[in-house]
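A.B. asks: got a predicted model here, sequence first, then my questions.
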Amino acid sequence: MRVFAIGDMHLESGTGKTMDRFGEHWHNHDQKIFESWDRIGRNDDVLIIAGDTSWATRMEYALPDLGRIGQMKGLKVLVKGNHDYWWQSQAKMSRLLHPSIRVVQASSIIVGRIAIAATRGWVCPNDEAFSPEDAKIYTREVGRLRAALQPLESRRSELDTLIVALHYPPVNERHELSGFTELIDEHGADACVYGHLHGEAIATALTGARGRTIYHLVSADAVRFTPAEITNSEESTLG
């Protein structure tokens, strides 16, 4: 079983809203994503979709986009992003979505011997734009990641790989420690995937090894609209 990840698909769902302002490479970006996954994906793969999936503002408007995702190969793990205004409760979404989609928000999922714990995340302290209101949301999101990881503590010996999936970066632009990285270290996560960053901001991302964790920026343009392979259990704990 292989695990891939991509974020910020920003499917337009009939809104006419595009990502073209970020460059010509975003033209027909949805086609690039679906074609690349059709080429490299397998039915036994897991695909983490790390937030900002659709521009739709209501669930009924997002359903065509989510339907397309349901037809993609493998098991899809859906994480909430800051632009996913259509997002509903996990129970409601599970009833509406294709059975190959799992909604993971402030929770975790175990597939084989791989666990994925996810929450949206938020702007981290000491970021240039960090405000008192951000502090409240940040604290809440750190608590949600803690809640997602806690049930896995007693099962860690059963797992080969633990992945933390966020939408926001787990650090500020200076890559300082945060509540997110503290939890990632505490629980010994093997990988952390996140999106949110586009254009020139991609160069500021935390990527590669930090401690025992490998960090992956998987926003669509950062991975050239092709889901990035995170793990490959056929080869090693981390591919």
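C.D. replies: That came through fine.
A.B. asks: got a list of contacts for the longest helix that the chain contains?
C.D. replies: Longest helix in the chain by number of residues (criterion: DSSP state H): helix 132-149. Contacting residues not belonging to helix 132-149 are listed as 104-108, 117-125, 127, 130, 164, 166, 168, 178-180, 183, 187 [C-beta atoms under 8 Å, 6 or more residues apart in numbering]. In short, each C-beta sits where N, CA and C put it, glycine included.
A.B. asks: at 10 Å what do you get?
C.D. replies: 80, 82, 104-109, 115-125, 127, 130-131, 156, 162, 164-168, 170, 178-180, 182-184, 186-187, 189 (C-beta atoms under 10 Å, 6 or more residues apart in numbering).
A.B. asks: just the buried ones among those residues, please.
C.D. replies: With burial judged by 16 or more other C-beta atoms under 10 Å, the buried subset of the contacts of helix 132-149 is 80, 104-109, 115-124, 127, 162, 164-168, 170, 178-180, 183-184, 187, 189.
A.B. asks: name the SS class of Ile110, please.
C.D. replies: strand (DSSP: H, G, I helix; E, B strand; the rest coil).
A.B. asks: when you give positions from now on, start the count at 28
C.D. replies: With 28 as the first residue, the last one maps to Ile137.
A.B. asks: surely it meets Met28?
C.D. replies: No: applying C-beta atoms under 10 Å, one finds Ile137 not in contact with Met28, separated by 11.9 Å.
A.B. asks: more crowded one of the two?
C.D. replies: Met28 (18 against 15; other C-beta atoms under 10 Å).
A.B. asks: among the buried ones among the contacts of helix 159-176, which are in strands?
C.D. replies: Among the buried ones among the contacts of helix 159-176, the residues falling in strands (DSSP state E) are Ser134, Ser135, Ile136, Ala142, Ile143, Ala144, Ala145, Leu189, Val191, Ala192.
A.B. asks: name whatever forms a beta bridge with the fifth one.
C.D. replies: Counting by DSSP bridges, Ile143 is bridged to Ile136, Ile190.
A.B. asks: my guess is it contacts Val130, does it?
C.D. replies: No: distance between Ile143 and Val130: 11.7 Å, which falls outside the contact criterion (C-beta under 10 Å).
A.B. asks: mutual contacts of those two, please.
C.D. replies: Val104, Val106, Ile136.
A.B. asks: confidence score at the last one?
C.D. replies: Spelled out, it's Ile136. Confidence at Ile136, expressed as pLDDT, is 97.
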